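*Asks:* Give me coordinates for this.
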Amino acid sequence: MNVVCHEGSMKVYFDLLLYPWLDSRNMHMHLIDPACDSYSITDQWLTVKVPLDGCGTQYIHEGDVIKYVNTFMCHVLPSPDRLISRVPDIWFPFNCTYGRGHPLKIIGALPLGKIKES
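*Replies:* Coordinates of the predicted model:
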């Protein structure tokens, strides 16, 4: 998973060679806000564009920087021909840190836990 920080959004890229089971036919995929389920898929990449001011994105003030946080969620869809799924629901937390109007660093994952706004 790669995260690229932009001025008003974050883009998350999943290499489908590393995550071949990320398949929209078998999974419901969305951000924290379930209504935000827009993503694009090519032969190699699943790409999610995430607004900083929507789709469940939260922010944390840390000194001179602001960290924007969201999670891409993948839920296995029930299927009548599949009684048991060996693939669990998976969450991919990610964030971008900004300071003085410009991205400072890119962080690909954030440990699961409660997010506090300050």
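*Asks:* At the geometric centre of the chain, which residue sits there?
*Replies:* Closest residue to the average C-alpha location of the chain: Phe72 at 3.1 Å, with C-alpha atoms, centre = their mean.
*Asks:* What number of residues are in the vicinity of the closest residue to it other than its chain neighbours?
*Replies:* The shortest distance from Phe72 to any non-neighbouring residue, by C-beta to C-beta, 6 or more residues apart in numbering, is to Phe92 (4.4 Å). To be clear about C-beta, it is placed using only N, CA and C from the backbone, and glycine gets the same treatment. With neighbours defined by other C-beta atoms under 10 Å, the count for Phe92 comes to 20.
*Asks:* residues touching Phe92, list them.
*Replies:* Contact partners of Phe92, counting by C-beta atoms under 8 Å, 6 or more residues apart in numbering, are 1, 12, 14, 71-74, 109.
*Asks:* Rank the helices and strands of the protein by mean pLDDT and give me the bottom one.
*Replies:* strand 102-107 (a mean of 52; mean pLDDT, DSSP states H and E).
*Asks:* Next secondary structure after the biggest strand by length in the chain?
*Replies:* Assignment by DSSP state E gives strand 65-76 as the longest strand of the chain. Remark: after strand 65-76, the chain's next helix or strand is strand 90-99, criterion DSSP states H and E.
*Asks:* quick one: that next one to chain centroid distance?
*Replies:* 7 Å (C-alpha atoms, centre = their mean, to the nearest Å).
*Asks:* please renumber so the chain begins at 95
*Replies:* Noted, 95 is the first residue going forward, which turns the last one into strand 184-193.
*Asks:* Now do it and strand 159-170, the angle between them.
*Replies:* 170 degrees (axes from the mean of the first three to the mean of the last three C-alpha atoms, to 10 degrees).
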